[in-house]
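Colleague: Here's my sequence, what's the structure:
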Amino acid sequence: MKIALLGSLPKGDKVREGWVDWKPEYVEKIVALLPGAEILHGDAISDNVGAELVVGHDLALVKEADLVVVDARAKIGAGTAQEMVIAKYFGKPVVVVIPPGTHHRRSNVVFDGQTMEDWIHPFLKISSDYVASSVDDAVKWVEKFFKDSAEFKVKDLSVFEQAIARFEAYKKNH
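Modeller: Next comes the predicted model:
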């Protein structure tokens with residue numbers, strides 16, 4: 001089984017100097033539960049090879065993976081968000097780690113006078129097959145998925161068409 005880890009990576013050597021890599025925690029916990037897992041990630045290529053090769057590399061990882069895990073404990077960038085959409089294009093299961101009280105998941109957010117107790121960024125929520133509160137939560141879901149993947153309904157690109165259709169129906173009634 002191949003698992004792609006997606007998330008923010010520092011851009012440039014200077015930024016990388018103070019960076020704490022988030023991937024080893026995932027690798028350690030995934031391999032402990034799934035010893036045969038092969039971990040893929042975008043840190044294996046440098047941006048100095050050019051934009052097309054970087055994008056090609058990262059999207060090839062998503063295509064090759066059996067499942068995608070996204071670290072969204074901190075704010076994610078455009079690349080990670082687009083890789084999630086491409087994962088849906090390839091029909092890959094996507095698990096995103098968004099703890100409560102972080103940039104992409106907030107408690108008791110008020111919109112137009114209505115309180116949303118657990119607001120999750122709409123694009124991340126729709127693009128994900130499971131929103132985990134922690135790395136441990138995500139890894140447990142991954143283990144369950146690989147034990148019985150037939151039990152899970154994995155979203156594909158149609159999730160976006162469905163969202164458009166729901167909005168159009170909503171718009172007619174409001």
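
Colleague: For the helix or strand hosting residue 52, which residues meet the burial criterion?
Modeller: Assessed by DSSP states H and E, residue 52 sits inside helix 51-64. Across helix 51-64, burial judged by 16 or more other Cβ atoms under 10 Å covers 54-55, 58-59, 61-62. The C-beta positions use only the backbone N, C-alpha and C, and glycine is treated the same way.

Colleague: Pipe those into a markdown table and attach pLDDT and distance to residue 154 per row.
Modeller: Listed next are the buried residues of helix 51-64 as a markdown table, based on pLDDT from 0 to 100; distance: Cβ to Cβ, whole Å:
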| residue | pLDDT | distance to residue 154 |
| --- | --- | --- |
| 54 | 91 | 27 |
| 55 | 93 | 24 |
| 58 | 93 | 20 |
| 59 | 95 | 18 |
| 61 | 96 | 18 |
| 62 | 97 | 14 |
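
Colleague: looking at this protein, which helix or strand is least sure?
Modeller: Ranking every helix and strand in the chain by mean pLDDT, DSSP states H and E puts helix 13-16 at the bottom, with a mean of 78.

Colleague: Quick one: list the elements packing against the following helix or strand past it.
Modeller: The helix or strand immediately downstream of helix 13-16 is helix 23-33, counting by DSSP H and E. Judged by 3 or more Cβ pairs under 8 Å, 6 or more residues apart in numbering; DSSP states H and E, helix 23-33 is in contact with strand 2-7, strand 38-41, strand 67-71, helix 135-147.
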